[in-house]
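Visitor: Have a look at this prediction, sequence included:
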Amino acid sequence: MSNELSLDIDEPDAKPGCQDQSETEVVPITKFADLSIVDEGLRYDMNHRRRGTFIIINNMTFQPQTKQKYRDGSGIDADNLKADFTRLGFDVVVYNDQTVGEMLKLMITAAQDDHTD
């Protein structure tokens, strides 16, 4: 049995994507949540200078064979996520309409990035 991932990564799942990054004011997470109820072992460390990268993959348009309908309004959801996580100090990158192969490449690249503070 092979450990290789078998996906048809050349078949487009959506339109070619784009990236979007912006700068806004960083807001403390305590403004949004009561962290006293979270198990310490499950809490993301928000004390680092660099909070990390938050990747949003916003697929709205799909190939006909997927029988997925256009996701009207998902752009608003992506914009809201971007604003929230930017305020929390994350570097937010939005990719729209990515193929399976493009999503895999994004995740592999993100996993290989330098995540030190």
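Guide: Nice, thanks for sending it over.
Visitor: ok, which stretches of this protein are helices?
Guide: In the chain, the helices defined using DSSP state H lie at 74-87, 100-112.
Visitor: and among those, the most buried is which?
Guide: Comparing the helices of the chain on average neighbours per residue, with mean count of other C-beta atoms under 10 Å, the densest one is helix 74-87 at a mean of 15. Heads up, the C-betas are built off the backbone N, CA and C, glycines and all.
Visitor: elements contacting that helix?
Guide: Under the contact definition 3 or more C-beta pairs under 8 Å, 6 or more residues apart in numbering; DSSP states H and E, helix 74-87 sits against strand 53-58, strand 91-96.
Visitor: any weak-confidence spans in this structure?
Guide: Across the chain, residues meeting the criterion (pLDDT under 70) sit at 1-38.
Visitor: go with 90
Guide: Residue ranges of the chain with pLDDT under 90: 1-51, 61-73, 114-117.
Visitor: Relative to Met107, which of the helices and strands packed on helix 74-87 is closest?
Guide: Checking the helices and strands packed on helix 74-87 against Met107 by C-beta to C-beta gives strand 53-58 as the closest, at 8.0 Å.
Visitor: What pairs with the closest one, parallel or antiparallel?
Guide: Each strand paired with strand 53-58, and its direction, by DSSP bridges: strand 91-96 (parallel).
Visitor: now the angle from the partner strand to helix 100-112?
Guide: In terms of direction (axes from the mean of the first three to the mean of the last three C-alpha atoms, to 10 degrees), strand 91-96 departs from helix 100-112 by 170 degrees.
Visitor: circling back: go through the helices and strands packed on helix 74-87 and pick out the most buried.
Guide: Highest mean neighbour count among the helices and strands packed on helix 74-87 (mean count of other C-beta under 10 Å): strand 91-96, with a mean of 19.
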